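Enquirer: Next one to model:
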Amino acid sequence: MEYPFPESTLARYDELAGAEGTGAVDGQTWQDLLLPAYLAQLGAGVSIFGRQMLYRRLRRGQAYAAVNPSASSGRVQALLADAAARERLATQLAPLRQASAEVCEALFVRPAGTVTASTVDGASPLPSAPRWAAWLWLLPLAFLACAAASIFWLPALIPTVALSLVLAAIQVAFSSRMQQWQPVAEALQLQLYAHSQQTDAPGAAHAAHLRGRLARNAISTAPGVTEYADWVMLANLKHYFATRRLVREQAAFLRESYELVAGLEADLALARHLSGHEKWCWAEEGWEQEIELRAVRHPMLTDTETLDLSLEGKSAFISGQNGIGKSTLLRTVGLNLLAARAFGFCYAESARVPNLPVYASMQNEDALEGGESLYQSELRRAQELLALAKEPQRAVFIIDEIFRGTNHLESVSAAAAVLEQLCGRGTVLVSSHNVVLAQLLDPCCVPLLVQRRAGRLALTPGVLADTNGLALLAQSGFDAAIEQRARDVYKRLSGRLVSA
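Expert: Residues are numbered from 1 along each chain as shown. Coordinates of the predicted model:
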């Protein structure tokens, strides 16, 4: 059975393991490039362990994989070449899908600056057991002794009843905590089982030993015995404290085990994913301002057309008619750059791309709850991008229809100022219907036109001249009189702009 988990749970390993490297994908880029849907595609049929690792790699990029398949993707390559090895590993990891809880909260200490009271000794975030837990064994013995004595001496019923109430009170007090811990302990057992199956991996025998210690003994879980063992002998509470103490003591090993198992499942997921795709390639690492993608496509769009993109030393201003696919192109490039950075491959015939962070601004909207207009949200995002551009490492900026929330002249003016700054600190791919921007950005941006040629889409040098916004009025069912009136107004306005 595969349990559904929200994205907040998928992000726990990334949040708790610490921010290694620089240039992590930020929140808006994550949404703008539709990465949650892409991650769901990669993680289909994968347990919480593998999905958390895939999330981490996709979010952090170069901290986990360089754009060099021989250095970072050797295991994926080996699995791709050996279908039998894929099936064998899949069988070994299959029990992980039974995990109904994630384990990172129990293993990884929160990064510096977010330390809480639960982070006691730096080894594990789990708190120590209370001191009185060491004396729990006395309560059941005292209860049984008083119960036996009451058979011969009636006053012994008083302490017997009192002790039974104490036992019940302890069960009630810790009931919810034991219920919350049980699926975590079971998930850790599944993790250790998967680890123990990797006989050539370090610590496989120790993983098998720890798995046995985390499990309850067969006697206490026998039918008809469990209830008495728990309520009279406090077997469940003793096991709760014992397993948490074990996890605290073995936290370092369990973290290594988690990363081994989660990494194996993530690699298996990538190998399966690529084996189901015909058109993909290992990416070569280019220099900072080099993007060379041949027949690139979007992996989540089955009917999308491929395009070639070649940039070397300059950014790109992309124009094209309405509905031609400019936004899809930007998302395609952005996702492929991130896939190369995280996993080492692209969905293209060939790829040579920079190993750089990618930031996007494509879906700015009004925020009614916060009282933020479209233009204000665009300004906020532009400020965020300019701040990111000040980081020591260069970046790639993917921007669609910048500053559409204000009038034409102010939009063009503000866009030119912001884009010039961004081009100085990285590679910018920007699309806009304000084609006058192409002239203003000519020193730093190559003008590229998305158009249909010989029945297929092509990306060629140039700027859109033949617009289709008004023609779409008729195609969308508007009255002919409205279309004609719109064309008359357009001619008048165009004449004024030319004369000005």
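Enquirer: And the helices in the stretch 101-250 of the chain, which stretches?
Expert: 104-107, 138-152, 157-196, 204-214, 226-231, 235-249 (DSSP state H, counting those that start in this stretch).
Enquirer: quick one: average confidence on the third one?
Expert: In this model, helix 157-196 carries a mean pLDDT of 94.
Enquirer: cool, and stretch 346-358?
Expert: Stretch 346-358 shows a mean pLDDT of 94.
Enquirer: and the end-to-end length of that stretch?
Expert: 15 Å (Cα to Cα, to the nearest Å).
Enquirer: what comes up buried for that stretch?
Expert: For stretch 346-358, the neighbour count (16 or more other Cβ atoms under 10 Å) marks 346-348, 351-358 as buried. No exception for glycine: its C-beta is placed from N, CA and C like everyone else's.
Enquirer: So which of these sit within helices?
Expert: Nothing among the buried residues of stretch 346-358 maps onto helices, per DSSP state H.
Enquirer: Take these and lay them out in a markdown table including distance to residue 268.
Expert: Listed next are the buried residues of stretch 346-358 as a markdown table, based on distance: Cβ to Cβ, whole Å:
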| residue | distance to residue 268 |
| --- | --- |
| 346 | 20 |
| 347 | 19 |
| 348 | 23 |
| 351 | 23 |
| 352 | 27 |
| 353 | 25 |
| 354 | 28 |
| 355 | 24 |
| 356 | 28 |
| 357 | 27 |
| 358 | 26 |
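Enquirer: Confidence-wise, which helix or strand of the chain is lowest on average?
Expert: The least trusted helix or strand in the chain, going by mean pLDDT, DSSP states H and E, turns out to be helix 69-72, with a mean of 43.
Enquirer: need the next SSE after it, C-terminal direction.
Expert: From helix 69-72 onward toward the C-terminus, using DSSP states H and E, the following helix or strand is helix 74-81.
Enquirer: just checking, next helix/strand downstream of that following helix?
Expert: Criterion used, DSSP H and E; the element after helix 74-81 is helix 83-93.
Enquirer: how distant is that following helix from the center of its chain?
Expert: Its chain's C-alpha centre and that of helix 83-93 lie 25 Å apart, by Cα atoms, centre = their mean, to the nearest Å.
Enquirer: Could you count how many residues lie near residue 393?
Expert: When neighbours are counted by other Cβ atoms under 10 Å, residue 393 registers 15.
Enquirer: three-state assignment of it?
Expert: Three-state call for residue 393 (DSSP: H, G, I helix; E, B strand; the rest coil): coil.
Enquirer: do the same with residue 100
Expert: Secondary structure assignment for residue 100 (three-state DSSP): coil.
Enquirer: average pLDDT across stretch 296-305?
Expert: In this model, stretch 296-305 carries a mean pLDDT of 86.
Enquirer: what about it, start to end distance?
Expert: Its start and end residues considered, stretch 296-305 measures 9 Å (Cα to Cα).
Enquirer: Give the buried residues for that stretch.
Expert: Neighbour-count burial for stretch 296-305 flags 296-299, 304-305 (criterion: 16+ other Cβ under 10 Å).
Enquirer: again with stretch 134-147
Expert: Residues 136, 139-140, 142-143, 146-147 are the ones in stretch 134-147 that count as buried (16+ other Cβ under 10 Å).
Enquirer: Reformat these as TSV; add distance to residue 400 and pLDDT.
Expert: What follows is the buried residues of stretch 134-147, written out as TSV (distance: Cβ to Cβ, whole Å; pLDDT from 0 to 100):
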residue	distance to residue 400	pLDDT
136	62	86
139	66	89
140	67	88
142	72	91
143	70	88
146	76	90
147	75	90
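Enquirer: returning to that earlier point: pick the most buried one from the helices of the stretch 101-250 of the chain.
Expert: For the helices of the stretch 101-250 of the chain, the largest average neighbour count (mean count of other Cβ atoms under 10 Å) is found in helix 104-107, namely a mean of 22.
Enquirer: and it, what's its mean pLDDT?
Expert: Mean pLDDT, helix 104-107: 94.
Enquirer: tell me how far it is from the chain's mean position?
Expert: Relative to the chain's own centre, helix 104-107 is displaced by 18 Å; criterion: Cα atoms, centre = their mean.
Enquirer: by contact count, what packs against that helix?
Expert: On a contact count with 3 or more Cβ pairs under 8 Å, 6 or more residues apart in numbering; DSSP states H and E, helix 104-107 meets helix 12-17, helix 157-196, helix 251-275.
Enquirer: Indicate which one of those is closest to residue 81.
Expert: Among the helices and strands packed on helix 104-107, the nearest to residue 81 by Cβ to Cβ is helix 251-275 (9.2 Å).
Enquirer: just how off-centre is the closest one within its chain?
Expert: When C-alpha coordinates are averaged (Cα atoms, centre = their mean), helix 251-275 and its chain have centres 15 Å apart.
Enquirer: Buried by neighbour count: which residues of that helix qualify?
Expert: 251, 253-274.
Enquirer: And stretch 417-435, what's buried?
Expert: For stretch 417-435, the neighbour count (16+ other Cβ under 10 Å) marks 418-420, 422-423, 425-435 as buried.
Enquirer: Same question for stretch 273-291.
Expert: Residues of stretch 273-291 classed as buried under the neighbour-count rule (16+ other Cβ under 10 Å) are 273-274, 280-286, 289-291.
Enquirer: Mind picking the two most distant members of the residues you listed?
Expert: Largest separation among the buried residues of stretch 273-291 by Cβ to Cβ: 273 and 289, giving 29.6 Å.
Enquirer: Who are the contact partners of the residue nearest in space to the middle of the chain?
Expert: Central residue of the chain (Cα atoms, centre = their mean): residue 55, 3.1 Å from the mean position. Residue 55 makes contact with 10-11, 13-14, 39, according to Cβ atoms under 8 Å, 6 or more residues apart in numbering.
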